[in-house]
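Enquirer: pasting the sequence and the predicted model now:
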Amino acid sequence: MHLDHTIVPARNSVSTAAFYADILGLTNLGHYEHFDAVAVDDNLKLLFSQKEFFESRHYAFIVTKQEYADIFSRIKNNPTITFGDSPSDRSNKQVYVSGGKEGFYFDDENGHILEVIKLN
């Protein structure tokens, strides 16, 4: 069994899909059914649904060391994105190290909290 997809509410589904593809290095699938989508891996897709009002959500991604380095580089080189070491402080420019994991948090353009986790 595996999770096939999850729906992510977004104010602009096209730009949000592009953001996830660009920053996280995911494959942008473009328009997919009634959504705009990115492929996380061979099984999981994030389907972005255009909504005006929604609550912020948290999405955590476990990545390889190389993916982590690539994502972190893109985050640091993007002046519009801040990052931090906790979900309550996503702008202190720190990473956390805990239990054999390293990671950081940042927001997407909709206020969803994204977490990137590298297993050591």
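Expert: Now that the structure is in, tell me what you want to look at. Numbers count the residues shown, from 1 in each chain.
Enquirer: do I have it right that Asp22 meets Asn77?
Expert: No. The pair Asp22 / Asn77 is not scored as a contact, 11.3 Å apart, by CB atoms under 8 Å. Where C-beta positions appear, they are placed from N, C-alpha and C, glycine not excepted.
Enquirer: between those two, point out the one with more neighbours.
Expert: Shown here are Asp22 and Asn77; by other CB atoms under 10 Å, Asp22 has more neighbours (13 against 8).
Enquirer: next up, the contacts around that one.
Expert: Applying CB atoms under 8 Å, 6 or more residues apart in numbering, we find Asp22 in contact with Arg74.
Enquirer: how near is it to Thr16?
Expert: 11 Å (CB to CB, to the nearest Å).
Enquirer: which residue ranges make up each domain of the chain?
Expert: Listed by automatic domain parsing, the domain ranges of the chain are 1-54, 55-120.
Enquirer: Serialize these to a markdown table and add fields for mean pLDDT.
Expert: What follows is the domains of the chain, written out as a markdown table (pLDDT from 0 to 100):
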| stretch | mean pLDDT |
| --- | --- |
| domain 1-54 | 97 |
| domain 55-120 | 96 |
